[in-house]
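>>> Here's my sequence, what's the structure:
(one chain, ligands or ions: 1)
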Amino acid sequence: FNALHPTASPNQFTISYEFFPPKTPEMETQLWQTINRLAALKPHFVSVTYGAGGTTRERTHSIVARIVRETEMKPAAHLTCVSAAREDVDAILRDYWDAGVRHIVALRGDPPTGVGSKFEAHPKGYATSTDLVSGIRRIADFEISVSTYPEGHPESASIEQDLDALQAKVDAGATRAITQFFFDNDVYFRFLDKARGRGITIPIVPGIMPIRNFKQVAGFAQKAGASVPRWLAERFDGLDEDPETRALIAATTAVEQVMSLARAGVNEFHFYTNNRADLVFAICHLLGVRPVRERAIA
Ligand code: FAD
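Below is the predicted model:
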């Protein structure tokens, strides 16, 4: 008996990786090293985020287009409704289609004034993520992924409202949901049960956030509607001056979370990579997902 052993066999795992557009040439070099290393694991797709307020429109597009041109991976471009008229969003979608991109992660986005302030739709824009999904369907036959929030979106009055939102996105044409990150797997399973109970059948893929910097992740979590369990905070307690131990604990924590989901039968994972390969590469290795070596043709 191997306590770490997942229930699915390696080739039954469907893996995807998320990147963000780099801000500097050094960060860009690092991103491409990461992409090339992870490409060997043949992910189902790789996604590239869209900066808050649409600030990375060109950078997101250029990375996604380069992934199409230079790799065999299928990219998914994140797109939000923020600060853009429908015709601008539609033009972005047509550009993606023409560049060979076939998958969009459709989001409402956060208000340009920051998380916590009220979202005001652009007067001529898509008002909600559901609206955006419908708009994408009208433009072309994209595969459409959406977000979902197992612990509730910060603006949501209840989990039922999040399930309503997910249902509306599915009815509009979304075919996959990726969750906000979470650290307590029971939270995910409870949400999954409720979604299945309502007849939502699309994959609800756990978004896995390996912790590199606990304080930073705890800050994100507070804004994102994800809770940080006390046991997790305790693991990092007293290690502010000890990055090596923090890194080991971070790796162990992420491995435990993914292995426990895999043992419970989860066979699809979306990794928030923070544009770094090492930790997610190691987790995939433990799942049995290994580089595909092309066999020479005799
Ligand atoms: P929505 O589905 O639009 O939900 C937002 C709120 O509205 C919730 O309270 C929901 O309950 C409510 N709601 C929406 N529709 C309905 C409905 N029909 N019925 C009832 N209630 C409804 N942000 C970026 O700026 N760029 C990114 O690239 C990006 N990528 C992300 C990727 C993932 C996997 C996740 C989980 C989040 C991402 N975000 C990104 C953050 C996201 O933009 C914010 O969380 C934003 O506040 C909500 O947008 P949404 O599309 O995720 O949520």
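>>> hey, let's count contacts and neighbours off CA atoms from now on
Noted.
>>> near the ligand, which residues of this protein?
Taking CA under 6 Å from any ligand atom as the criterion, the chain approaches the ligand at residues 49-52, 78, 107-110, 128-129, 147-148, 153, 155-156, 161-162, 164-165, 168, 178-180.
>>> residues in contact with Gln186?
I think there's a mix-up here, since residue 186 is Asp and not Gln. Asp186 makes contact with no residue, according to CA atoms under 8 Å, 6 or more residues apart in numbering.
>>> give me the number of residues near Leu41?
18 (other CA atoms under 10 Å).
>>> on that earlier part again, show me which of the residues of the chain next to the ligand are buried.
49-52, 78, 107-110, 128-129, 147-148, 153, 162, 165, 168, 178-180 (16 or more other CA atoms under 10 Å).
>>> And the strands in the chain?
Along the chain, the segments classed as strands by DSSP state E run 14-19, 45-48, 75-79, 103-106, 143-148, 176-179, 204-205, 207-208, 268-272.
>>> so how far is the fifth one off the chain centroid?
In this case it means strand 143-148. 9 Å (CA atoms, centre = their mean, to the nearest Å).
>>> thinking again about what came up before, columns distance to His5 on top of the strands of the chain, output as JSON lines?
JSON lines is the format used below for these (distance: least, CA to CA, whole Å):
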{"stretch": "strand 14-19", "distance to His5": "17"}
{"stretch": "strand 45-48", "distance to His5": "24"}
{"stretch": "strand 75-79", "distance to His5": "30"}
{"stretch": "strand 103-106", "distance to His5": "31"}
{"stretch": "strand 143-148", "distance to His5": "28"}
{"stretch": "strand 176-179", "distance to His5": "24"}
{"stretch": "strand 204-205", "distance to His5": "20"}
{"stretch": "strand 207-208", "distance to His5": "18"}
{"stretch": "strand 268-272", "distance to His5": "15"}
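>>> distance of Asp131 from Leu166?
12 Å (CA to CA, to the nearest Å).
>>> oh, I was asking about Thr175
Taking CA to CA, one finds Thr175 at 11 Å from Leu166.
>>> repeat for Val133
Distance of Val133 to Leu166, given as CA to CA: 11 Å.
>>> Compare the two (neighbour count), which wins?
Shown here are Val133 and Leu166; by other CA under 10 Å, Val133 has more neighbours (27 against 22).
>>> show me the contacts for the more buried one.
Counting by CA under 8 Å, 6+ apart, Val133 has contacts 106, 144, 169, 172-174.
>>> Dump stretch 35-55 to CSV, restricted to CA.
C-alpha atoms of stretch 35-55 as CSV (Å, rounded to 0.1, in the frame of the first residue of the first chain):
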residue,chain,number,x,y,z
ILE,A,35,6.7,26.9,-20.7
ASN,A,36,9.3,24.7,-22.4
ARG,A,37,9.8,22.6,-19.3
LEU,A,38,6.1,22.0,-18.7
ALA,A,39,5.5,21.4,-22.4
ALA,A,40,7.2,18.0,-22.1
LEU,A,41,4.4,16.9,-19.8
LYS,A,42,1.9,17.4,-22.6
PRO,A,43,-0.7,19.5,-20.7
HIS,A,44,-4.3,19.5,-21.9
PHE,A,45,-4.0,23.3,-22.3
VAL,A,46,-2.1,26.2,-20.8
SER,A,47,-3.9,29.5,-20.0
VAL,A,48,-2.6,33.0,-19.9
THR,A,49,-4.3,35.6,-17.6
TYR,A,50,-5.6,39.0,-18.6
GLY,A,51,-4.4,41.8,-16.3
ALA,A,52,-6.8,43.6,-14.0
GLY,A,53,-8.7,46.2,-16.0
GLY,A,54,-7.5,44.8,-19.3
THR,A,55,-4.1,46.2,-18.7
